[in-house]
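Visitor: Please work out how this folds:
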Amino acid sequence: QVQLVESGGGLVQAGGSLRLSCAASGSPFSIDAMGWYRQAPGKQRELVAFITSGGRTNYQDCVKGRFTISRDVAKNTVYLQMNSLKPEDTAVYYCSAGLEVGGSYYAYDYWGQGTQVTVSS
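Guide: Alright, predicted model coming up:
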């Protein structure tokens, strides 16, 4: 079973930055891709960004140019650098392990506890 542990969330003012980290362990196979999701109160969980083992990245339009996803494949760790944060970025952020097929990301059904990001105006 894959364990995912997120960290790095917190409270920040609009325009500020945060860096999220996530370590994956316990996988019996090589993880092809990793991604970050977020879920705001009353909303569905949405994919924010993903990165393949080869380094290809994909972002949701609303975070392009502000967020950067990166990964240490050897350590099964993924990061999300978030700059120019906005109040609408407030959510619980979850990392995921999965695979990329035809440009789309498919997450395995393993989830960590998430990390809260709160952006004040």
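
Visitor: Secondary structure of residue 21: a strand, I assume?
Guide: Yes. Per DSSP: H, G, I helix; E, B strand; the rest coil, residue 21 lies within a strand segment.

Visitor: so it makes contact with residue 8?
Guide: Yes. Between residue 21 and residue 8 there is a contact under CB atoms under 8 Å: 5.1 Å. C-beta here means a position set from N, CA and C on the backbone, and glycine is covered the same way.

Visitor: Could you measure from the closest residue to residue 68 other than its chain neighbours over to residue 63?
Guide: Distances taken as CB to CB, 6 or more residues apart in numbering put residue 81 closest to residue 68, at 4.4 Å, once the chain neighbours are dropped. The gap separating residue 81 from residue 63 is 11 Å, by CB to CB, to the nearest Å.

Visitor: And those two? Which one has more around it.
Guide: Comparing residue 81 with residue 63 by neighbour count (other CB atoms under 10 Å), the higher total belongs to residue 63, at 21 against 14.

Visitor: can you pull the pLDDT of the more buried one?
Guide: The model reports residue 63 with a pLDDT of 98.

Visitor: Same question for residue 58.
Guide: Per the predicted model, pLDDT is 96 at residue 58.

Visitor: contacting residues for the residue nearest to residue 68?
Guide: By CB atoms under 8 Å, 6 or more residues apart in numbering, residue 81 lies in contact with 17, 19, 67-70.

Visitor: out of those, which are buried?
Guide: Using 16 or more other CB atoms under 10 Å as the burial test, those include 67-69 as buried.
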